[in-house]
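# Following is a predicted model, sequence given first.
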Amino acid sequence: MFAIEAVLDIAINGGEDPVRSGDITQRQHIPKRYLEQVLQQLVRAGILAGKRGPRGGYTLGRERRRISLGDIVREVRQLEAETEPQDESVGSPLAHMVVWPTWNKLREELMERLDQITIEDLVREARERGVQSEAAERLEFHI
């Protein structure tokens, strides 16, 4: 969820300048330590692009309509899978023969659905619900 929120935040609040991770943390209340790991993983996957330096931060790595929620979840899942126990002796026969296969089937169905939803879809929904963009606010000026 945090990874999706972070990418959506960048899509909504990105403008001329990249979005800083500290700003995402502040707006979305995502733990900074976790966020940095996730953002770097998403950069390696090409979902985001990172820029270093004082005016650095993150931008989308490709068009919003070309980033699905499935893309994001797969990358974060890969990061989390690195820390999961790999010992197949863990668990009962019931878990191995019934629970885990059922869970895996549900996960596949969920991923199929997530592949159908893009960041563009969520940006559109955010606008319809009145979510404000800091990038748009920076562009507004009064005379």
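Yep, that arrived. Numbers count the residues shown, from 1 in each chain.

# C-alpha only now, for contacts and for neighbours.
OK.

# What residues sit buried inside the lengthiest helix in the chain?
Across the chain, the longest stretch assigned as helix under DSSP state H is helix 100-114. Neighbour-count burial for helix 100-114 flags 111, 114 (criterion: 16 or more other Cα atoms under 10 Å).

# before we move on, what about stretch 69-76?
Using 16+ other Cα under 10 Å as the test for burial, stretch 69-76 gives 69-73, 75-76.

# Which strand or helix spans residue 5?
In this assignment (DSSP states H and E), residue 5 forms part of helix 2-13.

# how far away is residue 47 from residue 54?
Counting by Cα to Cα, to the nearest Å, the gap from residue 47 to residue 54 is 22 Å.

# With residue 99 instead?
Going from residue 99 to residue 54 by Cα to Cα gives 49 Å.

# Please apply the same query to residue 14.
16 Å.

# neighbour-wise, which of these two wins?
residue 14 (20 against 7; other Cα atoms under 10 Å).

# Pass me the low-pLDDT residue ranges in this protein, would you?
Applying pLDDT under 70 to the chain picks out residues 81-88, 136-143.

# can you give me the strands in this protein?
48-51, 57-60 (DSSP state E).

# most packed of those strands?
Of those, the one with the most neighbours on average (mean count of other Cα atoms under 10 Å) is strand 57-60, at a mean of 22.

# from the middle of its chain, how far away would it be?
12 Å (Cα atoms, centre = their mean, to the nearest Å).

# Please name every helix or strand in contact with that strand.
Judged by 3 or more Cα pairs under 8 Å, 6 or more residues apart in numbering; DSSP states H and E, the packing partners of strand 57-60 are helix 2-13, strand 48-51.

# Out of the ones you listed, flag the one nearest residue 94.
helix 2-13 (32.0 Å; Cα to Cα).

# for that closest one, packing partners?
helix 21-28, helix 32-44, strand 57-60, helix 69-81, helix 119-128, helix 134-139.
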